[in-house]
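1. Take this sequence and fold it.
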Amino acid sequence: MGNAPSTLTQYDIEEVQEHCNKLFNQQEIVSLYQRFCQLDRTAKGFISSDEFMSVPEFAMNPLAQRLLKMVDGLNFKDFVVFLSAFSAKASIEQKAALIFKVYDSDGNGKVTFNDIIEVLSDMAEQREIYDTRRRVWTTKGEDQEAAKKEFIEHLKVLEQELGNKSYFGGDEFGFVDVVFIPFYSWFHAYETLANFKIEESFPKIIEWAKRCMQRESVAKALPDQNKVYEFIFELKKRLGI
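-> From the prediction side, this is the model:
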């Protein structure tokens, strides 16, 4: 599709449906096209970064600049493919691939510790929870105790949201789980450096994390907890903390 037509033909709808592996039904594709046309204000057939940033929910996202690299200049077909990763019908591989691209800062096909740090730094601008986690391992004494208490409060919110569900979305491993599970790799470091046990107060969070780790795709993607601790320990020494 070049310049965006005012309506989709049945052929267009079926073509787009094939392009996104039928993760959206025909009515959903029509609704997405209406939204696409609203964003594509000059009917040029693609959405620019400025037009994406006009969406408040997108502009407020702490990872907006990273996402922009993935969505700038998308035509309608590719716009639907991008959104298909958020579909309930999308496989975990498709969801994980999107998150991987977000974390892979330099696009070298690997997620390194530096990539994770950069993502967390981006999130820090608008996410109090990251600042709390950072202070757990960068401070001592009363400051660390205060950070630990705040971190525990954040975990309380997460455990309340998880409830008795197997995963945050219910019975299926989903997008929210993909977003949160990387932080599990840091738990051992937090516990060791701040001298507390997460499992004692938040057994459901740990059960959820272990359930996620039983997935081969998750286990292979995440760094070993001991290596994360060693990385932070060395970083603390270099920074003189």
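
2. Show me the shaky parts of this protein.
-> Confidence mapping of the chain against pLDDT under 70 gives the ranges 1-6, 55-64, 105, 113, 117, 120-130, 175.

3. mind redoing it with 50?
-> Counting by pLDDT under 50, the ranges of the chain that qualify are 2, 125-126.

4. neighbours of residue 83, just the number please.
-> Neighbouring residues of residue 83 were enumerated by other CB atoms under 10 Å; the total is 19. To be clear about C-beta, it is placed using only N, CA and C from the backbone, and glycine gets the same treatment.

5. In which helix or strand does it reside?
-> Residue 83 is located in helix 76-84, with elements delineated by DSSP states H and E.

6. and the spatially most central residue of the chain, which of the three is it?
-> Nearest to the mean C-alpha position of the chain, by CA atoms, centre = their mean, lies residue 179 at 3.7 Å. Using DSSP: H, G, I helix; E, B strand; the rest coil, the three-state assignment for residue 179 comes out as helix.

7. how far away is it from residue 78?
-> For residue 179, the distance to residue 78 equals 22 Å [CB to CB, to the nearest Å].

8. Likewise for residue 217?
-> Using CB to CB, one obtains 24 Å as the distance from residue 217 to residue 78.

9. Kindly list the longest helix within this structure.
-> The helix of greatest length in the chain, counted in residues with DSSP state H as the criterion, is given as helix 141-162.

10. how about that one as PDB, C-alpha atoms only?
-> These are the backbone C-alpha positions of helix 141-162, laid out as PDB (Å, rounded to 0.1, in the frame of the first residue of the first chain):
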ATOM      1  CA  GLY A 141      23.400   2.200  55.900                       C
ATOM      2  CA  GLU A 142      20.100   4.200  56.400                       C
ATOM      3  CA  ASP A 143      19.900   5.100  52.700                       C
ATOM      4  CA  GLN A 144      20.000   1.400  51.700                       C
ATOM      5  CA  GLU A 145      17.500   0.500  54.400                       C
ATOM      6  CA  ALA A 146      15.100   3.100  53.000                       C
ATOM      7  CA  ALA A 147      15.600   1.900  49.500                       C
ATOM      8  CA  LYS A 148      15.000  -1.700  50.600                       C
ATOM      9  CA  LYS A 149      11.700  -0.700  52.200                       C
ATOM     10  CA  GLU A 150      10.600   1.100  49.000                       C
ATOM     11  CA  PHE A 151      11.700  -1.900  46.900                       C
ATOM     12  CA  ILE A 152       9.600  -4.200  49.200                       C
ATOM     13  CA  GLU A 153       6.600  -2.000  48.700                       C
ATOM     14  CA  HIS A 154       7.000  -2.300  44.900                       C
ATOM     15  CA  LEU A 155       7.200  -6.000  45.200                       C
ATOM     16  CA  LYS A 156       4.000  -6.000  47.300                       C
ATOM     17  CA  VAL A 157       2.200  -4.200  44.400                       C
ATOM     18  CA  LEU A 158       3.500  -6.800  41.900                       C
ATOM     19  CA  GLU A 159       2.500  -9.700  44.100                       C
ATOM     20  CA  GLN A 160      -1.000  -8.300  44.600                       C
ATOM     21  CA  GLU A 161      -1.300  -7.900  40.800                       C
ATOM     22  CA  LEU A 162      -0.100 -11.500  40.300                       C
END
